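>>> Provide a 3D model corresponding to the input given below.
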Amino acid sequence: TTENAVKPANSSETISEAMYFHRAIQAFWLGHSERCHHYAGKVLQVSSVTGRLSNIVIMFIHGLNSFQVLKRQNTTKLRTIPKQAITALKTATSHSRWNFQNKLHLLEAENFSFHGKHEQAKASYAAAITSARCSRFIH
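Residues are numbered from 1 along each chain as shown. Presented below is the predicted three-dimensional model:
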């Protein structure tokens, strides 16, 4: 077997992953950062395919959400989440700049801001906006 081999998911794993994914997204949009963190972690635990769109989306949400959680509990484990999300989005961007470059810039901007690098954050926020406009994303 290779290290990139994908184990076949059984139906209960697939249902669990979908349930956790939707709960994480819902919690994120409702502003429940601790709950989002919990469910995003669950998705990443049960997910069997790392390059799937849902995993890229959950890594993006998990990365953004982690900055809210870090305000309350700044631990080494939590500080690795934005780095992992940025790495995942860099890989996704290499496959589709159109869909992911703006999200990568946004994560980088939040990371710069969190670390007090406000000028770099400003530049990354501007790059995120420009990238989103170039992709004709209106939000």
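>>> Where do the helices of the protein begin and end?
Using DSSP state H, the helices of the chain run over residues 11-30, 33-46, 53-72, 76-95, 97-114, 118-134.
>>> Save the ones you listed as a markdown table, and put in mean pLDDT and mean neighbour count too.
Heads up, the C-betas are built off the backbone N, CA and C, glycines and all. Shown next, in a markdown table, are those (pLDDT from 0 to 100; neighbours: other Cβ atoms under 10 Å):
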| stretch | mean pLDDT | mean neighbour count |
| --- | --- | --- |
| helix 11-30 | 90 | 16 |
| helix 33-46 | 94 | 19 |
| helix 53-72 | 95 | 20 |
| helix 76-95 | 95 | 16 |
| helix 97-114 | 96 | 20 |
| helix 118-134 | 95 | 15 |
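>>> how far away is the residue most central in space within the chain from A92?
Closest residue to the average C-alpha location of the chain: F60 at 1.5 Å, with Cα atoms, centre = their mean. As judged by Cβ to Cβ, to the nearest Å, F60 and A92 stand 8 Å apart.
>>> Could you do S135 as well?
Taken as Cβ to Cβ, the span from S135 to A92 is 13 Å.
>>> any common contacting residues for those two?
Any residue near both S135 and A92 by Cβ atoms under 8 Å, 6 or more residues apart in numbering counts here, and that gives N99.
>>> who are the neighbours in contact with A27?
S33, R35, C36, H38, Y39.
>>> Setting the sequence-adjacent residues aside, check what's closest to F21.
V43 (5.0 Å; Cβ to Cβ, 6 or more residues apart in numbering).
>>> In this structure the one you found contacts Y20, no?
Yes - using Cβ atoms under 8 Å, V43 is in contact with Y20, at 4.5 Å.
>>> Tell me who's in contact with the closest residue to H105 other than its chain neighbours.
Spatial nearest neighbour of H105, excluding adjacent residues (Cβ to Cβ, 6+ apart): A128 at 3.6 Å. Going by Cβ under 8 Å, 6+ apart, A128 touches N102, K103, H105, L106, A109.
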